[in-house]
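Engineer: Turn this into a structure:
(chains A and B)
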Amino acid sequence: MNNAKYYNDSLAHDFEMFMPKEKKTSAEIVKLPENKRKKTAAKGRLRRSLSRRISIVLIIAFMLSAICAQIALRVEISEVNSDTVKAKQTLAELSGEQTRLNVEFERLISYNNLEASAKALGMKKMDKNQIVYIRVNDSNKAIDSNGNILTANNE
Amino acid sequence: MATKANKKMLKSILLIMLAFVILFVSVTGYRLTTIMLINGEKYQSLASEQQLYDTLITAPRGNILDSKMNILATSDTAYTIYIIPNSINNLQDENKKTLIKTTIAKGISEILEIDFETALGYTEKKTSYVTVKKRVDKSVADKIRQFTADNKDLGIARYIGIDETTKRYYPNDSLASVVLGFVGDDNQGLAGIESYYDAQLTGVTGRVVAAKNALGADMPFSYQVVEEAKQGNSLVLTIDSYLQHIAEKYLEQAVEANRAGDRGACVIMDVNTGAIRAMATKGDFNPNSPFTLSEADQALLDAEGSTYTKNELLNKQWRNKTVSDTYEPGSVFKIVTGAMALEEDLATLDSSYNCAWSIVIAGQVYHCHKKGGHGTQTLKEAMVHSCNPAFITIGQLVGTSKFSKYFEAFGLTKKTGIDLPGESISVYHSEKNMGPTELASSSFGQTFNITPIQLITAVSAAVNGGNLVKPYVVSQVLDYNNNVIKSTQTIVKRQVISEETSKKIRTMMQAVIEDGGAKNAYVAGFKTGAKTGTSEKVAQNNASGEVKYIASTVGIAPVDDPELAVLVMIDEPNGGSYYGGAVAAPVVSEILTEALPYLGYEPQYTDKELAQYALNIPSVINDDIATAKNKIVAAGLKTRVIGNGEKVLRQLPLGGQSLAKGGTVILYTEEGATEEPNVTVPNFIGATVSEANNIASAAGLNIEFTGNISSNGYITAYKQSIDPETQVPTGTIVTVYFRDTSAANVAD
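Structural biologist: Now for the predicted structure:
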């Protein structure tokens, strides 16, 4: 055996494959009870399969929900954008209409039209005697902390 | 042996593959380099064209506002209607093609008011875009939208389009049209302020860039960049709409009444700052439809054998006469000649000059308008008489050198620099070419040509203390948020004459109104000054043999401390008189009569004026008849009682109004008393003051006198506030305008 071992250790000749295989004695093998082993393996498989399925379902669900959320978000953005565009168009139209009405108003109250309308109504300009001139003190004023009115004259 | 061969083969394959890879990388690298680096821009632009949808957004032009911030010009959204003929012509079904073409032609011809055949012609064109009508209003665009919706089964919407653009609006129509100008189809300024300040008014064009899908359809939410259009700056003018309105109103009346052959012009200028408060030319145009001729011009064009072209007439109506046309100012220029002599101490107001009707200078005979001459007269009197021989003498005293120096100093050799397009240059005798005869004719305002704006600027310098100011029309430039980004400051170019000389000029101009040819420029209640001018259109007269004139008057107010200068010129008056004093001076009076109270000047009537013009009517409502009569008679008026009641229930005219001396106040004493029937307004034109009084009295009307009724000449009515043949209640006041039409008092 020792010789064989010696030969075995030789690098030039590998006779190990020709050596008789050592068999493990049955005493060395720890035998599990058949049922328990099967049950444990089945349980493991089941658990793994379940968790895998759950994971897949969860992933699919997550992906679906993400896609749905994305679609919903897109739809929402599109709707909001569409509303914004419509609102902008309405604003532009209304602003344009406001300008047009302002122009029309300015035209109606132009001096030419006012004078023509006044003439048609038999109105005449104010008479010299109907005009009273009132002089007002138009100099700058300031009120100090004591309530005194200060003008350029009294400083 | 076999292994070795395999290895060799493997090596060869690898080498070939490596060569291919290197070749591929090289070719690809080269192409990428070419595409990205060398032709990068080209491909970028091609990609953009292919993948992006780019639409321009027209920027609205800035507004133009008057000095009180009233809108004179603004922009609003408008629409361009177009069709896509190629899309129709590409249809296979001939019947459908024809049906679509006729449907479109019928629809757009009705909505856009164009000829059916023209509309059909648009659909036949072999192009992808034909503009049918530009700048239509929203209501019209809505009709087009409705039309396409109504023809949905034919898919009309695929062949008709509506583009948004902007349109220029001028709410006051022709008001200040020659100053404002107008814009072209692409909103570019073509005349007036619109043209001169085009860069300021034009905004920055915006754009929308959006992604296109494979079919070329818009994908606005995938990729879209909007660069908003930026509105142009707004301009605040020095023009006051009210002053502009009265200037145009009275100028137009004068142009019509005097049948002006070549329109009329008016400028109102602030003599101290150079700000133009009003600037008018009649006949002008409506900037909302600048390519439409006025009725008068259209008639000229349509007349049999007319030699006019439409373009010629359009250019004429767009022309700002005050800036672009030159004329010989005539006697108005004597203000400048007088200022030269006074400033150089070559004359005083009391220096005397002799006028023996004619004067001979270098063999050339010059006559005075007054046959027999004015005899000996002072400078002030010579100005009042507008005596040509006297001013020729003054001119000779000044001499060519000083005359030319002052001519230049008053700004008459160069453009004023006003911020309006098309300012003309003057034509004058240079010092080198000025002989005694040129000096003589120039001394009374003939044989040289200047623009009205040059003249009013020179007159302003003569009366404002001697400062030559630069005239301007735009006072401020505002940004989109109305923040002031630029303000115009008064530019005093130089002091031409002293304050003392200026005061003397004002004194003389006041005397011209009180005693001279500008009596018709008189304004009751105010001290004003004026000088009239009647110039021959010498160049034209020589060419045609027909004698044509320009009647003009320049007025200043208030004369003691002038704020306004008003220049009125009527080109080729054909209404009887052609004198400045008869034709233009009344217009100055009418304008100042309204302008001065508007600007806050309080009239100070003399007793004579009060007596002549109007008496205050007392209010007698609820008074008994006797008391009412007493009050009214005490006021210098007459009464007429209607009804049998004891108390006055109503009176006409009302208390507080004014009435000429001897006018009648009608007193109604019964509720429902039979009212006096309406009366027909008679024609007062041509009547003297007393004749007009009698006519009014006979018609049962009251009369209010206005204008010049105080001079000693031949005073006649030239205008009335209510048209003849109008039915009005008995006792209504008709304002009648008078002027002196005697040649002796208005000749200049």
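Engineer: so where's chain A uncertain?
Structural biologist: For chain A, the stretches with pLDDT under 70 are A:1-34, A:127-130, A:135-140, A:151-155.
Engineer: For it, what lies in contact range of chain B?
Structural biologist: Residues of chain A found near chain B (Cβ under 8 Å from any Cβ of the partner chain) are A:77-78, A:81, A:85, A:92-93, A:95-97, A:99-100, A:102-104, A:106-107, A:110-112, A:115, A:122, A:124, A:127-131, A:133. (C-beta placed from N, C-alpha, C; glycine too.)
Engineer: quick one: strands adjacent to the lengthiest strand in chain B?
Structural biologist: Ranked by residue count under DSSP state E, the longest strand found in chain B is strand B:71-83. Strand B:71-83 sits in its sheet next to strand B:64-65 (antiparallel), strand B:130-136 (antiparallel), strand B:160-169 (antiparallel), going by DSSP bridges.
Engineer: could those strands go into TSV alongside mean pLDDT and mean neighbour count?
Structural biologist: As requested, the strands paired with strand B:71-83 are arranged in TSV below (pLDDT from 0 to 100; neighbours: other Cβ atoms under 10 Å in any protein chain shown):
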stretch	mean pLDDT	mean neighbour count
strand B:64-65	96	24
strand B:130-136	89	17
strand B:160-169	87	20
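Engineer: Now for B:Val477, which secondary structure element holds it?
Structural biologist: Using DSSP states H and E, B:Val477 falls within strand B:474-478.
Engineer: what lines up beside that strand in the sheet?
Structural biologist: Short version: by DSSP bridges, strand B:474-478 pairs with strand B:234-237 (antiparallel), strand B:484-487 (antiparallel).
Engineer: so how far is it off the chain centroid?
Structural biologist: From the chain centre to the centre of strand B:474-478 is a distance of 18 Å (Cα atoms, centre = their mean, to the nearest Å).
Engineer: Quickly list what the closest residue to B:Val365 other than its chain neighbours is bridged to.
Structural biologist: Nearest residue to B:Val365, sequence neighbours excluded (Cβ to Cβ, 6 or more residues apart in numbering or on different chains): B:Ser358, at 5.4 Å. Judged by DSSP bridges, the bridge partners of B:Ser358 are B:His367.
Engineer: now that we're looking at the closest residue to B:Ser386 other than its chain neighbours, which residues does it contact?
Structural biologist: Spatial nearest neighbour of B:Ser386, chain neighbours left out: B:Asp748 (3.9 Å); criterion: Cβ to Cβ, 6+ apart. B:Asp748 makes contacts with B:330-331, B:369, B:386, B:517, B:531-534, B:579-581, as judged by Cβ atoms under 8 Å, 6 or more residues apart in numbering or on different chains.
Engineer: ok, B:Glu546 - how many residues close by?
Structural biologist: B:Glu546: 10 surrounding residues under other Cβ atoms under 10 Å in any protein chain shown.
Engineer: That one: what secondary structure?
Structural biologist: Recorded secondary structure, B:Glu546: coil (DSSP: H, G, I helix; E, B strand; the rest coil).
Engineer: so who does it touch?
Structural biologist: Taking Cβ under 8 Å, 6+ apart, we find B:Glu546 in contact with B:Gln540.
Engineer: That one and B:Ala582, how far apart?
Structural biologist: In this view, B:Glu546 and B:Ala582 are 20 Å apart by Cβ to Cβ, to the nearest Å.
Engineer: now the strands for chain A?
Structural biologist: A:141-143, A:149-151.
Engineer: Contacts for the following helix or strand past the longest strand of chain B next, please.
Structural biologist: Of the helices and strands lying after strand B:71-83 in sequence (DSSP H and E), the nearest is helix B:85-89. The contact list for helix B:85-89 (Cβ under 8 Å, 6+ apart) reads B:97, B:100-101, B:104, B:122-128, B:130, B:158-159.
Engineer: and B:Thr416, how many neighbours?
Structural biologist: For B:Thr416, using other Cβ under 10 Å, the count is 24.
Engineer: Assign it to helix, strand or coil.
Structural biologist: coil.
Engineer: Look at the residue nearest to B:Ser386 and report its pLDDT.
Structural biologist: Looking at B:Asp748, its pLDDT stands at 73.
Engineer: mind listing what residue 102 touches?
Structural biologist: Since no chain was named, I'll use chain A. A:Asn102 makes contacts with B:71, B:74, as judged by Cβ under 8 Å, 6+ apart.
Engineer: hm, I was asking about chain B
Structural biologist: Contacts for B:Thr102 (Cβ under 8 Å, 6+ apart) come out as B:Leu120.
Engineer: so which strand or helix has it?
Structural biologist: B:Thr102 belongs to helix B:94-111, assigned by DSSP H and E.
Engineer: correct me, but the residue nearest to B:Val365 touches B:Cys368?
Structural biologist: Yes. Contact criterion Cβ atoms under 8 Å: B:Ser358 and B:Cys368 qualify, at 7.0 Å.
Engineer: So the two - more neighbours on which side?
Structural biologist: B:Cys368 (23 against 13).
Engineer: could you measure that one against B:Cys355, distance?
Structural biologist: Shown here: B:Cys368 relative to B:Cys355, a distance of 5 Å by Cβ to Cβ.
Engineer: Same check on B:Arg277?
Structural biologist: Using Cβ to Cβ, B:Arg277 is found at 37 Å from B:Cys355.
Engineer: which stretches of chain A form helices?
Structural biologist: Along chain A, counting by DSSP state H, helices occupy A:2-9, A:34-108, A:111-120.
Engineer: Quick check: which of these is buried the most?
Structural biologist: Comparing these by mean neighbour count (mean count of other Cβ atoms under 10 Å in any protein chain shown), helix A:111-120 comes out on top with a mean of 13.
Engineer: which bits of the stretch 51-200 of chain B sit near chain A?
Structural biologist: For the stretch 51-200 of chain B, the residues in contact with chain A (Cβ under 8 Å from any Cβ) are B:70-71, B:74-77, B:137-138, B:169, B:171-173, B:175.
Engineer: Give me the nearest residue to B:Ala341, chain neighbours excluded.
Structural biologist: Distances taken as Cβ to Cβ, 6+ apart place B:Ala347 nearest to B:Ala341, at 4.0 Å, with adjacent residues excluded.
Engineer: all strands for the stretch 151-300 of chain B, in order.
Structural biologist: All strands of the stretch 151-300 of chain B, identified by DSSP state E, counting those that start in this stretch, fall at B:160-169, B:206-212, B:218-227, B:234-237, B:264-270, B:276-282.
Engineer: from what I can see B:Ile621 touches B:Leu652, true?
Structural biologist: No. Using Cβ under 8 Å as the test, B:Ile621 is too far from B:Leu652 to be in contact (11.0 Å).
Engineer: Give me the more crowded residue out of those two.
Structural biologist: The residue with more neighbours, out of B:Ile621 and B:Leu652 and counting by other Cβ under 10 Å, is B:Leu652; that gives 21 against 14.
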